[in-house]
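J.: structure here, sequence nowhere to be found:
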């Protein structure tokens with residue numbers, strides 16, 4: 001079961017296009033580790049919007065945020081088998 005899409009169909013249809021693109025990118029079966037800056041550049045969305053979406057996903061427990069002293073926070077999701 002995919003944790004990124006556990007929500008009612010009506011809620012899924014109400015997602016903003018940016019949020020849908022971030023969720024689809026994070027749905028990689030091999031896992032993902034990205035900073036908000038890197039992901040926003042890859043998807044062509046604003047850094048602020050990307051960080052907001054990622055923080056929401058952290059609150060939902062879908063991705064983990066790893067903070068570092070000398071670099072941007074990394075947002076990680078590695079599916080278990």
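T.: Now that the structure is in, tell me what you want to look at. Remember, it's a predicted structure, so these values are computed and weren't measured experimentally.
J.: contacting residues around residue 79?
T.: Shown in contact with residue 79 (CB atoms under 8 Å, 6 or more residues apart in numbering): 29, 31. To be clear about C-beta, it is placed using only N, CA and C from the backbone, and glycine gets the same treatment.
J.: okay, buried residues for the host helix or strand of residue 54 please.
T.: Element membership for residue 54 (DSSP states H and E) is helix 47-59. Burial within helix 47-59, assessed by neighbour count using 16 or more other CB atoms under 10 Å, is assigned to 49, 50, 51, 53, 54, 57.
J.: and the pLDDT for residue 15?
T.: Looking at residue 15, its pLDDT stands at 73.
J.: next one: residue 28
T.: Per-residue pLDDT puts residue 28 at 80.
J.: centroid-nearest residue for this protein?
T.: Nearest residue to the geometric centre of the chain (CA atoms, centre = their mean): residue 54, 4.5 Å.
J.: what's the burial count for the nearest residue to that residue once chain neighbours are set aside?
T.: With sequence-adjacent residues excluded and distances taken as CB to CB, 6 or more residues apart in numbering, residue 54 is closest to residue 75, at 4.7 Å. Residue 75 has 26 neighbouring residues, counting by other CB atoms under 10 Å.
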